[in-house]
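> Below is the sequence, then the predicted model.
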Amino acid sequence: MFSKILIANRGEIACRIIRACREMKIATVAVHSEADADALHVRMADEAYNIGPAASSESYLRGEKIIAAAKQSGAEAIHPGYGFLSENAEFVREVVAAGLTFIGPPPEVMESMGGKMSARKIAIEAGVPVVPGTTEPLNSYEEAKETAASFGYPVMLKASAGGGGKGMRLVSDESELHSAFENSRSEALASFGDDAVYIEKAIQRPRHIEIQVFSDTHGKHVHLCERECSIQRRHQKVIEEAPSPINDPKLRAEMGACAVKVAAAVGYVGAGTVEFLVSDVDRSFYFLEMNTRLQVEHPVTELVTGIDLVREQINVAAGLELSFTQEDVVLTGHAIECRVYAEDPELNFLPSPGRITRLRLPQGPGVRDDGGIYEGAEVSIHYDPMISKFAVHGRDRAEAIDRMRRALAEYQVSGIKTTLPFFREVMNDEVFIAGNLDTGFIAAFNERRKERGAEREEKDIAVITAALAYSDRQSATGKGSVSERQRSRWATAGRIAAMRGID
Ligand code: MV4
């Protein structure tokens, strides 16, 4: 086992990895930019190295500086977290060449899964269903037209090198195809330096469900069930849960078996995620892509399986066998995670950097906060504005939602705007509660919210009028006990919320 690990990341995920190392009695090395000298991950690690200016391109993306820090500190392995260099095959090769262990899959596996067309080919060869479409780039508009016609509209144009929806175009009919094809190609070229574009049949308002997989260097491949990640905004996940509200053991077993087939076919090692689109019409599912890293939303899987995914990653990288078998993976209850961002939901999620002047984290049964900040910390404009991932665990989905509502009411952040008020509303949304989730959720939720806002305004006026009339009567009759008048602001806030019916 390693005695010292360098964490090539920042924020909550660096803190999460340091926690696993501490439990395993492994010393930790942080790296940080000049802007992050006082960051939480630097305070938590046993030692820290400044690797350059605030811009990620000058610090967290500079592989050679990170490797130099690892050598200087005597670390034997590098954990990349997610983002930054976590899926950079060239970095992995440099790490290995420097005599260090990369905690993640081999570079060839990253490359095989990095290209979407190559990933589709691997899935097809493994006998896993993929969305009907091509596995070769479209060479001309003529070819795009013929292919689209053969699959039938609507179709999706996708960049092979793509990610985050870049270069993706939904095409409803042939009249839209020409400009969509040109735009998709030029966006792909500008974003990835590669204009290869292919076609898929479009799945209407699909669910995004992904399977966590784990593989060791001894040829064992297992899955840890699914996460429902349909609630996304601009291709960024916002709320994730495990299991999916569909909660169908047969579907889970089928998708799990397919995910394991993909992992085995590519010779996977470590933690990975196989993404699927699931049609809400007939629950047919299609392989989409495989992510070769630990994902942001891994805590919901940890909560329902009880397995520490970071500990397992470190074990696998050290050459140990997986500590569990497929039969050992048993789901307990339901977990929901909200990504807390330093963004203003009232201003179209505009980033809201600044100093956190007050921080009160929820406590009590079934709550887990994976944060990267502290009271007094500065949220910088230089990096992703996610300040914490807040997750709850209950015996079933209804209990998890109750718990999330209660805990979100306890959660207080001052000094910056956060997405907490947005989550408080979603937890009371009837469609969310019913679990009818698809990738169109946020757009539809915003529509419902507008309608509810108008209703609530009327109700607020009624509540305030009633409260004023009541207090007038009390003062007129001289009634009202001392305890009544001195009721805590907590309880008062709770009562007003209850009268409004919004928690
Ligand atoms: C699709 C699709 C429908 N049909 N592919 C979006 C990001 C990229 N990773 C894949 N995406 C989609 N691919 C076909 N053939 C719909 C989406 C999609 C989506 C997927 C998951 C979560 C949110 C989404 C929002 C819009 C579109």
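Sure, I can see it. Source: prediction; values computed, not measured.
> switch to C-alpha atoms for all contacts and neighbour counts from now on
Will do.
> Residue 259: how many residues sit nearby?
Number of residues near residue 259 (other CA atoms under 10 Å) recorded here: 30.
> in which helix or strand would I find the residue lying closest to residue 17 once chain neighbours are set aside?
Closest residue to residue 17 apart from its sequence neighbours, by CA to CA, 6 or more residues apart in numbering: residue 310 at 6.5 Å. Using DSSP states H and E, the element containing residue 310 is helix 309-317.
> List the contacts of that helix.
Helix 309-317 has contacts (CA atoms under 8 Å, 6 or more residues apart in numbering) with 1, 17, 20-21, 24, 101-104, 215-217, 269-271, 298, 302, 321-323.
> Check stretch 412-420 too.
340-345, 349, 352-361, 408, 411.
> Mind checking which of those land in helices?
residue 408 (DSSP state H).
> Mind checking which of the contacts of stretch 412-420 land in strands?
Counting by DSSP state E, the contacts of stretch 412-420 place 340, 341, 343, 344, 354, 355, 358, 359, 360 in strands.
> ok, the residue nearest to residue 17 to the ligand distance?
Distance from residue 310 to the ligand, counting by CA to the nearest ligand atom, to the nearest Å: 24 Å.
> so how far is residue 104 from that residue?
Residue 310 sits 11 Å away from residue 104, going by CA to CA, to the nearest Å.
> Kindly report the same for residue 34.
Note on residue 34: its distance to residue 104, by CA to CA, is 27 Å.
> Please say which of the two ends up with more neighbours.
Under the neighbour definition other CA under 10 Å, residue 34 and residue 104 were set side by side, and residue 104 has more, 27 against 14.
> Now do the SS call for that one.
Here residue 104 is recorded as coil under DSSP: H, G, I helix; E, B strand; the rest coil.
> hang on, isn't it packed against residue 271?
Yes - contact criterion CA atoms under 8 Å: residue 104 and residue 271 qualify, at 7.1 Å.
> Need the residues touching each of those two.
Among the neighbours of residue 104, those also in contact with residue 271 (CA under 8 Å, 6+ apart) are 292, 293, 313.
> Check the second one and give its pLDDT.
For residue 293, the pLDDT comes out at 98.
> what's the following helix or strand after whichever strand or helix holds residue 265?
Using DSSP H and E, residue 265 maps to helix 249-266. Counting by DSSP H and E, the next helix or strand C-terminal to helix 249-266 is strand 270-278.
> after that following strand, next one along is what?
Using DSSP H and E, the helix or strand that follows strand 270-278 in sequence is strand 285-291.
> same for that following strand, what does it pack against?
helix 107-114, helix 116-125, strand 270-278 (3 or more CA pairs under 8 Å, 6 or more residues apart in numbering; DSSP states H and E).
> 6 Å - rerun?
Contact here means 3 or more CA pairs under 6 Å, 6 or more residues apart in numbering; DSSP states H and E; on that basis strand 285-291 packs against strand 270-278.
> What are the contacting residues of the strand it packs on?
With contacts defined as CA atoms under 6 Å, 6 or more residues apart in numbering, strand 270-278 is touched by 104-105, 206-216, 259, 284-294, 313.
> can you narrow those residues to ones near the ligand?
Among the contacts of strand 270-278, the ones lying near the ligand by CA under 6 Å from any ligand atom are residue 208.
> List only buried entries from the contacts of strand 270-278.
Among the contacts of strand 270-278, those scoring as buried are 104-105, 206-216, 259, 285-294, 313 (criterion: 16 or more other CA atoms under 10 Å).
> got the residues of this protein near the ligand?
By CA under 6 Å from any ligand atom, the residues of the chain that approach the ligand are 131, 156, 163-165, 200-203, 208, 230, 232, 235, 439.
> so where's the longest strand in this structure?
In the chain, ranked by residue count with DSSP E as the criterion, the top strand is strand 221-233.
> If I take that one and strand 270-278, what angle do their directions form?
Orientation check (axes from the mean of the first three to the mean of the last three CA atoms, to 10 degrees): strand 221-233 against strand 270-278 gives 60 degrees.
> Can you get me the start-to-end distance on stretch 418-432?
End-to-end distance of stretch 418-432 (CA to CA): 20 Å.
> Likewise for stretch 274-286?
With CA to CA as the measure, stretch 274-286 spans 10 Å from end to end.
> quick one: low-confidence parts of the stretch 351-500 of the chain?
Low-confidence segments of the stretch 351-500 of the chain (pLDDT under 70): 470-489, 492-500.
> So what's the residue count around the closest residue to the ligand within it?
Using CA to the nearest ligand atom, the single residue of the stretch 351-500 of the chain nearest to the ligand is residue 439, 4.6 Å away. Residues contacting residue 439 under the criterion other CA under 10 Å number 19.
> quick one: contacts for residue 110?
Listed by CA under 6 Å, 6+ apart, residue 110 has no contact partners.
> ok, which pair from the ones in strands among the contacts of stretch 412-420 is furthest apart?
Within the ones in strands among the contacts of stretch 412-420, two members stand farthest from each other by CA to CA: 344 and 360, at 18.6 Å.
> between the two, which one's more packed in?
Set side by side, residue 344 and residue 360 show more neighbours around residue 344, with 19 against 12, by other CA under 10 Å.
> which residues does the more buried one contact?
Residues near residue 344 by CA under 6 Å, 6+ apart: 350, 417, 418.
> at 7 Å instead, please
Listed by CA atoms under 7 Å, 6 or more residues apart in numbering, the contact set of residue 344 reads 350, 351, 352, 417, 418, 419.
> can you pick the most crowded of those residues?
Among the contacts of residue 344, residue 418 has the most neighbours (other CA under 10 Å), with 27 neighbours.
> circling back: could you dump the residues of the chain next to the ligand into TSV and include distance to residue 276 and secondary structure?
Putting these into TSV (distance: CA to CA, whole Å; DSSP: H, G, I helix; E, B strand; the rest coil) gives the following:
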residue	distance to residue 276	secondary structure
131	9	coil
156	15	strand
163	15	coil
164	15	coil
165	15	coil
200	14	strand
201	14	strand
202	13	coil
203	11	coil
208	6	strand
230	11	strand
232	15	strand
235	15	coil
439	12	coil
